[in-house]
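# this is a predicted model, with the sequence first.
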Amino acid sequence: MSQHTPRVPTRRAYAGIGSRRTPEPVLELLTALASQLARCGHVLRSGHAPGADQAFEHGAGTRAEVYLPWPRFESSIRCAADYVQPEPSPEAVQMAAAHHPAWERLGRGARSLHARNCHQILGRDLEDPVWFVVCWTPDGATTSPGPSTGGTGQALRLAAAHGIPVFNLARPEHIERVRAYVATTT
């Protein structure tokens, strides 16, 4: 990986991520949003985790890139993505270590989960940033993750470091904006 700033996005990719505890009505909205964005030519980047990730993937279908932390992660759940990367690159592991505040305390599995977030935000080669991030976290974080943000916090830190806008649907103004978009485009 080069040491320069990531280039301007070349495709209309977005990251669709979030908590495993995303409420059911929000999961339904995420699926509808991903479906509409796919019809408009956008490509989802996600991580195949239960909850928000899988809701996004369901809506995006083949218009998705999925980045797994290890090859058999959630293998019982069908993935229709056009591209699936079975594990993070060594460069993503290095990047994750640089952005995580307690990397030295994480086990191998947690490190792999956080490293795959680098690909969700910056793509296969870590130089193709998404245009925006859509997520749901219990605390509504967009730039400064807190203790209840969960693993999505790593992706939010990366997005902030690269100036990528984040829409967290736990925020009333963000969820209303998404609801309005879905309602007017379906």
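Structure's in. What do you need?

# next secondary structure after the helix or strand that contains G109?
Per DSSP states H and E: G109 is located in helix 108-122. Note on helix 108-122: by DSSP H and E, the next helix or strand toward the C-terminus is strand 132-135.

# roughly how far is the helix or strand just after that next one from the heart of the chain?
Moving toward the C-terminus from strand 132-135, the next helix or strand (DSSP H and E) is helix 152-161. In terms of C-alpha atoms, centre = their mean, to the nearest Å, the centre of helix 152-161 is found 9 Å from the chain centre.

# before we move on, the earlier item: quick one: residues in contact with the helix holding G109.
6, 15, 17, 45-47, 65, 67-70, 85, 87-89, 92-93, 95-97, 99-100, 103, 106, 126, 128-130, 133, 151, 154-155, 158-159, 162, 164 (C-beta atoms under 8 Å, 6 or more residues apart in numbering). For every residue, glycine as well, the C-beta is placed using N, CA and C.

# what angle do that helix and helix 152-161 make?
Orientation note: helix 108-122 sits at an angle of 40 degrees relative to helix 152-161 (axes from the mean of the first three to the mean of the last three C-alpha atoms, to 10 degrees).

# and helix 108-122, what's its mean pLDDT?
Mean per-residue pLDDT for helix 108-122: 97.

# can you check stretch 165-177 too?
The model assigns stretch 165-177 a mean pLDDT of 97.

# now it: buried residues?
Across stretch 165-177, burial judged by 16 or more other C-beta atoms under 10 Å covers V166, F167, N168, L169, A170, R171, H174, I175.

# point out where this protein drops to low pLDDT.
1-11, 186 (pLDDT under 70).
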